[in-house]
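Engineer: no sequence on this one, just coordinates:
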């Protein structure tokens, strides 16, 4: 059944690819000199057919094996580069076709031949413009693959709470999320990102899940790098959906269990206090807040986390900060919980690793899956912050949604 579903998906994908190839070629025909059209057509279709079959085989392999190899990851990268380039070109060509179609209808209704020559054939300058504009997203994606995935940014936010204990006024938290260690190849770049996090000198450090892609040993080359992140009030962490080893094959159930236990130990080796549906008390100048951490809980993903268990022995009046990997947990359980959980820190979405964030435009494909995909959300004084992720997965790049180090300052007010 899995093979049948995979085959159907690949056939649909190949149909889409060939349709885009055909549409793009309609623009190429207007640009190529007539004397080179036959040779250009042959070269174009041999090349595009080869690439399409390569992509089809890559996606079929990923679906059957359940994991992304370094080779298939590179194929996926180029698939996205070509796809976004083609879609940009097709957008222009389709716009021209729409105008031509409307013009034909108008001429038919009015029985007029005015401007018929302009509307009856594809115009060269439109195709030239389409290809010129398409260079912009193509360049952006190539930059995202080569440099953008290591372009770490520090994002600072200040949140105000009336019932924050006085001693914690100005208390700072540095958050990392979604390291996805198995995706990294440039460990020096990773080191610079970790050093940026350590340099914030926050009072508290938290990591909100997905340390690895599949296996615990992926983090081994970077244990020393992340172990250097220290905070006066401790370093705390939780698990994410990838950390359980659910997305790869294991020789036995025992091997999978052993891998998870090994991963938990890696947190300890880095100096992280791993919270598994439990809480810790953070005390400062005789006052305290409660830090809670749950196992992964998410809509569409494994929901192991037990919020009620993490709240055991936590006084209701305490100021509470929750670490929960998937922001859908906040949507489904936390924000409407009878106990006031003041701040939830999540990750998981990566902001889909691509999008646009400006003072005027904020868009990512992630918004079609997650109501809260990056940054701050608030309801009735309960806050959620979604970190955009430190690492990357599947698409080995970032375009417009850069890897993030979050610094949150708590203020009384």
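Structural biologist: Right, received. Where do you want to start? Predicted, not measured: the structure shown is a model, and the values here were computed from it.
Engineer: could you use CA atoms for every contact and neighbour count after this?
Structural biologist: Noted.
Engineer: what does the nearest residue to residue 243 once chain neighbours are set aside show for phi and psi?
Structural biologist: Leaving aside its sequence neighbours, residue 243 sits nearest to residue 210 (CA to CA, 6 or more residues apart in numbering; 5.5 Å). The phi/psi pair for residue 210 (degrees, to the nearest 10) reads phi 60, psi 60.
Engineer: hmm, residue 245 and residue 210 touching each other?
Structural biologist: No - contact criterion CA atoms under 8 Å: residue 210 and residue 245 do not qualify, at 10.4 Å.
Engineer: residue 62 in helix, strand or coil?
Structural biologist: Secondary structure, DSSP: H, G, I helix; E, B strand; the rest coil: residue 62 is helix.
Engineer: kindly report the same for residue 173.
Structural biologist: Looking at residue 173 with three-state DSSP, the answer is strand.
Engineer: in terms of neighbours, single out the busier of residue 210 and residue 245.
Structural biologist: residue 210 (25 against 20; other CA atoms under 10 Å).
Engineer: quick one: pLDDT of that one?
Structural biologist: pLDDT, residue 210: 98.
Engineer: ok, now residue 97?
Structural biologist: 85.
Engineer: where does it sit relative to residue 123, distance-wise?
Structural biologist: From residue 97 over to residue 123 the distance is 10 Å, taken as CA to CA, to the nearest Å.
Engineer: next one: residue 208
Structural biologist: In terms of CA to CA, residue 208 sits 53 Å off from residue 123.
Engineer: neighbour-wise, which of the two wins?
Structural biologist: The neighbour comparison of residue 208 against residue 123 (other CA under 10 Å) goes to residue 208, with 32 against 15.
Engineer: OK, contacts around residue 376?
Structural biologist: Counting by CA atoms under 8 Å, 6 or more residues apart in numbering, residue 376 touches 383-386.
Engineer: what residues of stretch 396-413 count as buried?
Structural biologist: Of the residues in stretch 396-413, 396-412 count as buried by neighbour count, 16 or more other CA atoms under 10 Å.
Engineer: tell me where the stretch 101-250 of the chain has strands.
Structural biologist: 153-161, 171-176, 204-208, 235-238 (DSSP state E, counting those that start in this stretch).
Engineer: for those, give me CSV that also has distance to residue 271.
Structural biologist: Below are the strands of the stretch 101-250 of the chain laid out as CSV (distance: least, CA to CA, whole Å):
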stretch, distance to residue 271
strand 153-161, 22
strand 171-176, 14
strand 204-208, 11
strand 235-238, 7
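Engineer: what's the closest of the ones you listed to residue 30?
Structural biologist: Ranking those by proximity to residue 30 (CA to CA) places strand 153-161 first, at 43.4 Å.
Engineer: returning to that earlier point: closest one to residue 354 out of the contacts of residue 376, please.
Structural biologist: Set against residue 354, the nearest of those by CA to CA is residue 386 (15.3 Å).
Engineer: which intervals of the stretch 1-150 of the chain have sub-threshold pLDDT?
Structural biologist: 1-6, 66-67, 106, 108, 112-122 (pLDDT under 70).
Engineer: all helices of it, in order?
Structural biologist: With DSSP state H, counting those that start in this stretch, the ranges of helices along the stretch 1-150 of the chain come out as 2-31, 37-65, 70-110, 116-120, 124-146.
Engineer: show me what the longest one is packed against.
Structural biologist: Using 3 or more CA pairs under 8 Å, 6 or more residues apart in numbering; DSSP states H and E as the contact definition, the elements that helix 70-110 packs against are helix 2-31, helix 37-65, helix 116-120, helix 124-146.
Engineer: again, only using 6 Å
Structural biologist: helix 124-146 (3 or more CA pairs under 6 Å, 6 or more residues apart in numbering; DSSP states H and E).
Engineer: which positions in the helix it packs on come out as buried?
Structural biologist: Result for helix 124-146 [16+ other CA under 10 Å]: buried residues 126-128, 130-131, 134, 137-138, 140-142, 144-145.
Engineer: could you do stretch 141-160 as well?
Structural biologist: 141-142, 144-145, 148-153.
Engineer: then stretch 254-269?
Structural biologist: For stretch 254-269, burial by neighbour count (16+ other CA under 10 Å) applies to 256, 259-260, 263-264, 266-267.
Engineer: which of these fall in helices?
Structural biologist: 256, 259-260, 263-264, 266-267 (DSSP state H).
Engineer: return the member of those nearest to residue 200.
Structural biologist: Nearest to residue 200 among those: residue 267, at 20.8 Å, using CA to CA.
Engineer: check contacts around the closest residue to that closest one other than its chain neighbours.
Structural biologist: Excluding its sequence neighbours, the residue lying closest to residue 267 (CA to CA, 6+ apart) is residue 274, at 6.5 Å. Neighbouring residues of residue 274 by CA atoms under 6 Å, 6 or more residues apart in numbering: 236-238.
Engineer: neighbours around residue 71, how many?
Structural biologist: Using other CA under 10 Å: residue 71 sits among 9 other residues.
Engineer: the residue nearest to residue 267 pairs with what?
Structural biologist: residue 237 (DSSP bridges).
Engineer: domain assignment for this protein?
Structural biologist: 2-146, 153-412 (automatic domain parsing).
Engineer: comparing these, which comes out most buried?
Structural biologist: Neighbour counts (mean count of other CA atoms under 10 Å) averaged over each of the domains of the chain peak at domain 153-412, with a mean of 19.
Engineer: pLDDT below threshold where in the stretch 301-413 of the chain?
Structural biologist: In the stretch 301-413 of the chain, no residues with pLDDT under 70.
Engineer: quick one, helices of the stretch 151-300 of the chain?
Structural biologist: Under DSSP H, counting those that start in this stretch, the stretch 151-300 of the chain gives helices at 187-198, 223-227, 253-269.
Engineer: could you dump the ones you listed into a markdown table and include distance to residue 81 and mean pLDDT?
Structural biologist: A markdown table is the format used below for these (distance: least, CA to CA, whole Å; pLDDT from 0 to 100):
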| stretch | distance to residue 81 | mean pLDDT |
| --- | --- | --- |
| helix 187-198 | 23 | 98 |
| helix 223-227 | 32 | 98 |
| helix 253-269 | 34 | 98 |
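Engineer: which one, of those helices, ends up nearest to residue 52?
Structural biologist: Comparing the helices of the stretch 151-300 of the chain under CA to CA, the one sitting nearest is helix 187-198, at 32.8 Å.
Engineer: quick one, that closest one and strand 204-208 angle?
Structural biologist: Inter-element angle recorded for helix 187-198 and strand 204-208: 130 degrees (by axes from the mean of the first three to the mean of the last three CA atoms, to 10 degrees).
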